[in-house]
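*Asks:* below is the structure, and that's it, no one-letter string:
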């Protein structure tokens, strides 16, 4: 396939159109993702990945825009990936990109892209980490990965970033829910955005209390809690300083995170190749679909059906 | 394994302790899930699965509690699965169960259980549908599956239910985000909860407008929009009527949903068995971990690494 090969050099040179094309390729399917990532992989490993997550309405997009501005003041090249489940109703992702691009439209060292769900979430998580590799190869210094929702899937998407920022917002009555939603324990830095609102200090205290339930060792990182007002930019420089402090713990502290990321990517690739092999080669055409029908008709349970299929494919005894 | 086999009869008889034990087994791992589901599968297929999703703070738990009350008035047996990512900080799931059980503590025809994330979301989605099968086998008429978050993972969890209720709430400024979060297109019924608040009618209009962007065929279901006040119970009977109307479209309309559910369960089981076969049998001990290290060290990209592993295992050429 000449496409991915011929754009590799242009991606590495930082060509924005090639970058957009390469990210579309990794989004499309695992086969073209494999070609793009294979061609670019040796140019990766320099970028720092920052995940930004939190409940809807917390102001994550605005915060990411402001953080991009702070990074540009420091002459850092920035990639932004907004993990944004697409909606056939709203077509939100594409429109959002256009609106957001405007603030940095004249800046070729900023690349913003929404990644939409095209299939299952595993696919989105894979596409996000592959897109981050493409931005890394293109010379971006910092890659901001922002999620729209706050579900477990989003947690999985940002968990493998080098640093994770959890954004909460006072006064919506969502504090407890946010605490419940499993995002507290992945935070490296907490942000209380809309920090000028009533209840901001109470939310800071609530997070403090939650953190105090856990014992932190002397060498262990205890997530700081920062107040920001993203709309005015207040506190955003301090947020970047906190991330830099976290980063300054050195490469050893980051190795575990990067290994997790590598393991996730490898598992996803292996699992996909295995399923592809099974359906396209090891089984007769229609055999998988026929088994789905039998499960749907309750003639056989899914586990017995899986065993049966793998036996027919000659993979298990 | 005698455990799953010996509790099968007791689950089918509706024994609450056996039910709790069986759900713990399907949560534990795929192997014991396979045994439990295999033993119970022929007793399933009667229950109606209702997924309830929406942003944090929308009042989903209260609504599910009230809906349980409405169903009990109609002498229907109810299972509730709250898909609740666990937090080592808060231990929310277990505490939440205890608090929620109190309202129906003396009612043995209600069974409430939180399902927590123990690993990746795929696992939670699988555990949820297996737990629903267990409740189905135990004779529950309606199974309410409630999510805590509103991410893509949660969407995947409820998408395969027979009916999906999307709960939104006025006045938090989250309307647009909820629209963006990909949950609009999975709704069979919309609920505007806290319907006595300012802005409830505006939110109803906003949903109407969004729905009007899509054309519905004459035979196609157009999701109704209901207002509820879950704290007082207002509108909850009407919600159940709307679900019943949706259900009354007949089994043919539901076949597609059930086939999707069957396909998801089969893919998950096949994929898990394939990975297990690869790691436990086809590869030497430590071979997978060694390859993760090589990917983490950037010696090889994940796709080439996956191909290499499958070649060594003799699965691909």
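*Replies:* Alright, I've got the coordinates. Keep in mind that what you see is a predicted model, and the values were worked out from it rather than measured. Residues are numbered from 1 along each chain as shown, chains lettered A, B, ... in the order given.
*Asks:* check chain A for its longest helix and report it.
*Replies:* In chain A, assigned by DSSP state H, the helix with the most residues is helix A:251-277.
*Asks:* tell me which strands and helices that one is in contact with?
*Replies:* helix A:30-40, helix A:121-137, helix B:251-277, helix B:287-296, helix B:302-312 (3 or more Cβ pairs under 8 Å, 6 or more residues apart in numbering or on different chains; DSSP states H and E). Where C-beta positions appear, they are placed from N, C-alpha and C, glycine not excepted.
*Asks:* the inter-axis angle of the longest one versus helix B:287-296?
*Replies:* When you say that, I think you mean helix B:251-277. 90 degrees (axes from the mean of the first three to the mean of the last three Cα atoms, to 10 degrees).
*Asks:* only the buried residues of the helix or strand hosting residue A:65, if you could.
*Replies:* Following DSSP states H and E, one finds residue A:65 within helix A:60-73. Neighbour counts using 16 or more other Cβ atoms under 10 Å in any protein chain shown place A:60-71 of helix A:60-73 among the buried residues.
*Asks:* adding distance to chain B and pLDDT, write those out as TSV.
*Replies:* Shown next, in TSV, are the buried residues of helix A:60-73 (distance: Cβ to the nearest Cβ, whole Å; pLDDT from 0 to 100):
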residue	distance to chain B	pLDDT
A:60	9	88
A:61	10	87
A:62	12	91
A:63	14	94
A:64	14	94
A:65	16	93
A:66	18	94
A:67	19	96
A:68	20	96
A:69	22	95
A:70	24	96
A:71	24	97
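*Asks:* ok, so of those residues, who is nearest residue B:27?
*Replies:* residue A:60 (31.7 Å; Cβ to Cβ).
*Asks:* I'd say that closest one and residue A:145 touch.
*Replies:* No - Residue A:60 is not in contact with residue A:145 according to Cβ atoms under 8 Å; the separation is 10.7 Å.
*Asks:* find residues that contact each of the two.
*Replies:* By the contact definition Cβ atoms under 8 Å, 6 or more residues apart in numbering or on different chains, residue A:60 and residue A:145 are jointly contacted by residue A:52.
*Asks:* for stretch A:280-298, buried residues please.
*Replies:* Result for stretch A:280-298 [16+ other Cβ under 10 Å]: buried residues A:282-283, A:288, A:291-292, A:294-296.
*Asks:* anything in that stretch near chain B?
*Replies:* Yes - using Cβ under 8 Å from any Cβ of the partner chain, stretch A:280-298 comes into contact with chain B via A:288, A:291-293, A:295-296, A:298.
*Asks:* and of the helices and strands packed on helix A:251-277, who's closest to residue B:50?
*Replies:* Taking the helices and strands packed on helix A:251-277 one by one with Cβ to Cβ, helix B:251-277 is closest: 11.7 Å.
*Asks:* pull out the buried positions in that closest one.
*Replies:* Applying 16+ other Cβ under 10 Å to helix B:251-277 flags B:257-259, B:261-275, B:277 as buried.
*Asks:* from the chain's centroid, how far away is it?
*Replies:* 14 Å (Cα atoms, centre = their mean, to the nearest Å).
*Asks:* report the rounded mean pLDDT for it.
*Replies:* Here helix B:251-277 scores 87 as its mean pLDDT.
*Asks:* now do stretch A:308-317
*Replies:* 88.
*Asks:* buried set for it?
*Replies:* For stretch A:308-317, using 16+ other Cβ under 10 Å, the buried residues are A:309-310, A:313, A:315-316.
*Asks:* quick one: the helices in the stretch 101-250 of chain A, in order.
*Replies:* Ranges of helices within the stretch 101-250 of chain A are A:121-137, A:152-159, A:175-180, A:200-212, A:236-247, based on DSSP state H, counting those that start in this stretch.
*Asks:* ok, back up a step: adding distance to residue B:157, write the helices and strands packed on helix A:251-277 out as JSON lines.
*Replies:* Compiled in JSON lines, the helices and strands packed on helix A:251-277 are given as follows (distance: least, Cβ to Cβ, whole Å):
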{"stretch": "helix A:30-40", "distance to residue B:157": "23"}
{"stretch": "helix A:121-137", "distance to residue B:157": "10"}
{"stretch": "helix B:251-277", "distance to residue B:157": "10"}
{"stretch": "helix B:287-296", "distance to residue B:157": "28"}
{"stretch": "helix B:302-312", "distance to residue B:157": "27"}
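*Asks:* so for residue A:20, which of those sits nearest?
*Replies:* helix A:121-137 (9.7 Å).
*Asks:* just give the number of residues close to residue A:189.
*Replies:* 22 (other Cβ atoms under 10 Å in any protein chain shown).
*Asks:* and it, bridged to which residues?
*Replies:* Judged by DSSP bridges, the bridge partners of residue A:189 are residue A:165.
*Asks:* so it sits right up against residue A:165, yeah?
*Replies:* Yes - using Cβ under 8 Å, residue A:189 makes contact with residue A:165 at a distance of 4.9 Å.
*Asks:* show me the one of the helices and strands packed on helix A:251-277 that comes nearest residue A:304.
*Replies:* Taking the helices and strands packed on helix A:251-277 one by one with Cβ to Cβ, helix B:251-277 is closest: 8.9 Å.
*Asks:* what residues are up against the closest residue to residue A:313 other than its chain neighbours?
*Replies:* Nearest non-adjacent residue to residue A:313, counting by Cβ to Cβ, 6 or more residues apart in numbering or on different chains: residue A:282, 3.6 Å away. By Cβ under 8 Å, 6+ apart, the residues touching residue A:282 are A:313-315.
*Asks:* check the gap between residue A:205 and residue A:187 for me.
*Replies:* For residue A:205, the distance to residue A:187 equals 16 Å [Cβ to Cβ, to the nearest Å].
*Asks:* neighbour count winner among the two?
*Replies:* residue A:187 (23 against 11).
*Asks:* okay, and the beta partners of residue A:225?
*Replies:* As assigned using DSSP bridges, the partners bridged with residue A:225 are residue A:190.
*Asks:* could you report the neighbour count for it?
*Replies:* 20.
*Asks:* in TSV: the helices of the stretch 101-250 of chain A, plus distance to chain B and mean pLDDT.
*Replies:* Shown next, in TSV, are those (distance: least, Cβ to the nearest Cβ, whole Å; pLDDT from 0 to 100):
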stretch	distance to chain B	mean pLDDT
helix A:121-137	5	85
helix A:152-159	3	71
helix A:175-180	3	52
helix A:200-212	5	88
helix A:236-247	18	97
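*Asks:* most packed of those?
*Replies:* Highest mean neighbour count of the helices of the stretch 101-250 of chain A: helix A:152-159, a mean of 27 (counted as mean count of other Cβ atoms under 10 Å in any protein chain shown).
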